[in-house]
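Visitor: Sequence first, then the predicted structure:
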Amino acid sequence: MKTSSARIAGLGTTIFAEMSALAARTGAVNLGQGFPDTDGPDQVVEHAVEALRSGRNQYAPGAGVPELRHAIAAHQHRFYGLTVDPDAEVAVTTGATEAIAAALLGLVDPGDEVIVLEPYYDSYVAMMQMAGAVRRPVTLRAPDFRLPIDELRAAVSPRTTAILLNSPHNPTGAVLRRHELEAVAALAIEHDLVVISDEVYEHLTFDDVPHIPIATLPGMAERTLTISSGGKTFSFTGWKVGWATGPATLVDALLGVKQFLTYTSGSPLQPAIAQALEADEAFYAGLKSQLQSQRDQLCEGLADIGFEVFVPEGTYFATTDIRPLGFSDGIEFCRSLPDVAGVVAIPHQVFYDPSTSQGAETAQEPRGIRVGHWFAGRSASNLLSSPRR
């Protein structure tokens, strides 16, 4: 009996599931998986409760409920000046992960090459493999994790059809600058490439570093599928309400796949996220301020312990190098952390192609770990500095 397909060969279990199970088994604090320790705004929860009680519990339209599609379009115009048709250029998805999966399956054919920024979120690799795509990594290197534009240009070939972009970048926390995005845009236009832009951390940037959607650059709105989610911004990661915006042709390709994945989900949660997107400026400013403070606390604590810390410009996460503490294997280090310090982190090796992680002296990052700074309930730096008994 055949027990699995070649599409999933070698993918195994996601590192987030492994490390979260380790945290649950040992009682360690989970600083690896990207979810906060507090829920989002009470009024948004109450809006979801109202939707549940008022009968909004059946299938939503495949593209999403109208009020959420309109709220997403209004959000894109409010923050970035983008004009988006809510009826043809917005698709609501089961989190950003489904949006990425449906975009790759709907826009990429077997044998097509996709440029992707390395290190990368692990679902990128899985979905490119399932789509039969050939990934062409362009590596962001410590300490600044800036985009190597010459390497980006060299990665394009006649078989390249897409660029999978991620900014603010998980796991490094880098935020692409305008000149870096302009280089991506120039290549996309010159070679007629589609850009799939994962921007789920769009509102989590620090030190006045702006998030610039690549769709706002000249010539890019018509070739960019922009993906985001309510999970990170509003601390409702378990609701799995994401979306994609872009030209109708690209959105239709995504929906062509999505209809056979989930079709729709989260009907009573969608109007609640629509309300959340209407939050005032104080909410967004407060979110940034809180997370920047937590970032500073964690990074200072890790540096005091002896880690080399690469302070992130955005996202929930901070990256460190473990070599100053005498360690060289991030996976081994992370598996030992629950017993050593009562915490769980994520090793950076898993975000790289094997050929890159083997060149650790050059790339540096695979010797590091990723640690969440969203943990508001306790001092993560104190936890890491105190051996567990």
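Guide: Perfect, thanks for sending it.

Visitor: What is the burial count for Thr13?
Guide: Around Thr13 there are 8 other residues, counting by other Cβ atoms under 10 Å. C-betas here are computed from N, CA, C, even on glycine.

Visitor: three-state assignment of it?
Guide: coil (DSSP: H, G, I helix; E, B strand; the rest coil).

Visitor: in stretch 241-259, what counts as buried?
Guide: The neighbour-count check on stretch 241-259 (16 or more other Cβ atoms under 10 Å) flags 241-247, 250-251, 253-255, 257-258 as buried.

Visitor: How about stretch 32-41?
Guide: Residues 32-36, 40-41 are the ones in stretch 32-41 that count as buried (16+ other Cβ under 10 Å).

Visitor: In a markdown table: the residues you listed, plus pLDDT, secondary structure and distance to Leu82.
Guide: Below are the buried residues of stretch 32-41 laid out as a markdown table (pLDDT from 0 to 100; DSSP: H, G, I helix; E, B strand; the rest coil; distance: Cβ to Cβ, whole Å):
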| residue | pLDDT | secondary structure | distance to Leu82 |
| --- | --- | --- | --- |
| Gly32 | 78 | coil | 33 |
| Gln33 | 73 | coil | 31 |
| Gly34 | 71 | coil | 26 |
| Phe35 | 72 | coil | 28 |
| Pro36 | 78 | coil | 28 |
| Gly40 | 91 | coil | 24 |
| Pro41 | 94 | coil | 25 |
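
Visitor: Show me which pair in the residues you listed is furthest apart.
Guide: Using Cβ to Cβ, the pair of those lying farthest apart is Gly32 and Pro41, separated by 25.3 Å.

Visitor: Just list the residues touching the residue lying closest to Thr172 once chain neighbours are set aside, thanks.
Guide: Closest residue to Thr172 in three dimensions, ignoring its sequence neighbours and counting by Cβ to Cβ, 6 or more residues apart in numbering: Phe145, at 4.1 Å. Under the criterion of Cβ atoms under 8 Å, 6 or more residues apart in numbering, the contact partners of Phe145 comprise 169, 172-174, 310, 365.

Visitor: can I get these in TSV with secondary structure and pLDDT?
Guide: Rendered in TSV, the data for the contacts of Phe145 read as follows (DSSP: H, G, I helix; E, B strand; the rest coil; pLDDT from 0 to 100):
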residue	secondary structure	pLDDT
His169	coil	97
Thr172	coil	94
Gly173	coil	95
Ala174	coil	97
Phe310	strand	94
Glu365	helix	47
